[in-house]
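Chemist: Here is my input, please return the structure:
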Amino acid sequence: MCPRSKEKYEEIRKIKRDLILKAALELFAENGFHNTTINSIAQKTSISNGLLYNYFESKEDLLKKIVSKGITEIITSFGNNKNDILTKDEFAHYIKENFNIIKNNLKFWKLYIAIIIQPPVLKIVKDEILNLSSPILKKLNNYFTTQGVKNPVAETKLFSSIMDGVSINYVIDSENFPLEDVINLIILKFCY
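Modeler: Next comes the predicted model:
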């Protein structure tokens with residue numbers, strides 16, 4: 001039997017890591033963070049508790065990685081424009097893409113909502129969320145500044161709050177929520 005190459009080893013490690021993240025996301029979303037144990041995650045993945053700790057330091061570390069992965073997906077959808085100043089078309093695209101990501105990953109966003117409404121759990125990931133969100137908030141502020149908004153900081157907060165509120169309402173009742181109509185209204189309001 002040939003020893004595994006470093007590449008094969010890393011590939012297997014990534015597959016197991018992703019399996020653990022997926023199982024933890026499902027269990028956190030179904031049972032809540034505090035009601036999910038490392039043992040239940042290990043059982044769901046058929047990985048021993050000890051081996052699970054080779055991939056993640058703790059349940060809190062797992063939660064941070066899950067949140068980081070989900071928020072990074074939103075950040076990536078924001079795109080990389082050369083000068084950090086969004087055009088109206090880029091901004092409209094971001095709004096649409098943001099909700100496409102939410103539609104396609106409802107489990108994560110249900111977990112995210114559960115996290116932000118539980119202060120002890122939010123405390124675990126708050127710094128991660130703020131650090132990851134900072135570049136987006138800067139781009140939003142730059143966008144509203146270039147649009148001549150009198151108070152771009154307040155407009156950024158208003159936009160973020162509307163996006164959060166719509167996201168929460170959609171995740172809670174995705175089957176009855178008129179998402180496309182609401183997206184169009186957001187674009188009309190903010191893409192002048």
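
Chemist: Can you tell me, leaving aside adjacent residues, what's nearest to residue 147?
Modeler: Leaving aside its sequence neighbours, residue 147 sits nearest to residue 192 (C-beta to C-beta, 6 or more residues apart in numbering; 5.9 Å). For every residue, glycine as well, the C-beta is placed using N, CA and C.

Chemist: State the distance from the one you found to residue 88.
Modeler: Look at residue 192 and residue 88: by C-beta to C-beta, to the nearest Å, they are 7 Å apart.

Chemist: More neighbours: the two, which one.
Modeler: Under the criterion of other C-beta atoms under 10 Å, the comparison of residue 192 against residue 88 puts residue 88 first, with 14 against 11.

Chemist: Let me see the contact set for the spatially closest residue to the more buried one that is not a sequence neighbour.
Modeler: Counting by C-beta to C-beta, 6+ apart, residue 88 lies nearest to residue 191, which is 4.6 Å off, once chain neighbours are set aside. Neighbouring residues of residue 191 by C-beta atoms under 8 Å, 6 or more residues apart in numbering: 88, 89, 91, 92, 95.

Chemist: Return a selection command, for use in PyMOL, containing the buried ones of those residues.
Modeler: To isolate the buried ones among the contacts of residue 191 in PyMOL, judged by 16 or more other C-beta atoms under 10 Å, type:
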select buried, resi 91+92+95
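
Chemist: So which of the contacts of residue 191 are in strands?
Modeler: Counting by DSSP state E, no part of the contacts of residue 191 is found in strands.

Chemist: Could I get the full set of helices for this protein?
Modeler: With helices called from DSSP state H, the chain shows them at 6-31, 38-45, 49-55, 59-77, 88-104, 106-116, 119-146, 152-172, 179-190.

Chemist: now these as CSV including mean pLDDT?
Modeler: Output for the helices of the chain, formatted as CSV (pLDDT from 0 to 100):
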stretch, mean pLDDT
helix 6-31, 90
helix 38-45, 95
helix 49-55, 91
helix 59-77, 87
helix 88-104, 92
helix 106-116, 86
helix 119-146, 90
helix 152-172, 95
helix 179-190, 97
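
Chemist: Using the record's assignment, carve the chain into domains.
Modeler: 1-56, 63-190 (automatic domain parsing).
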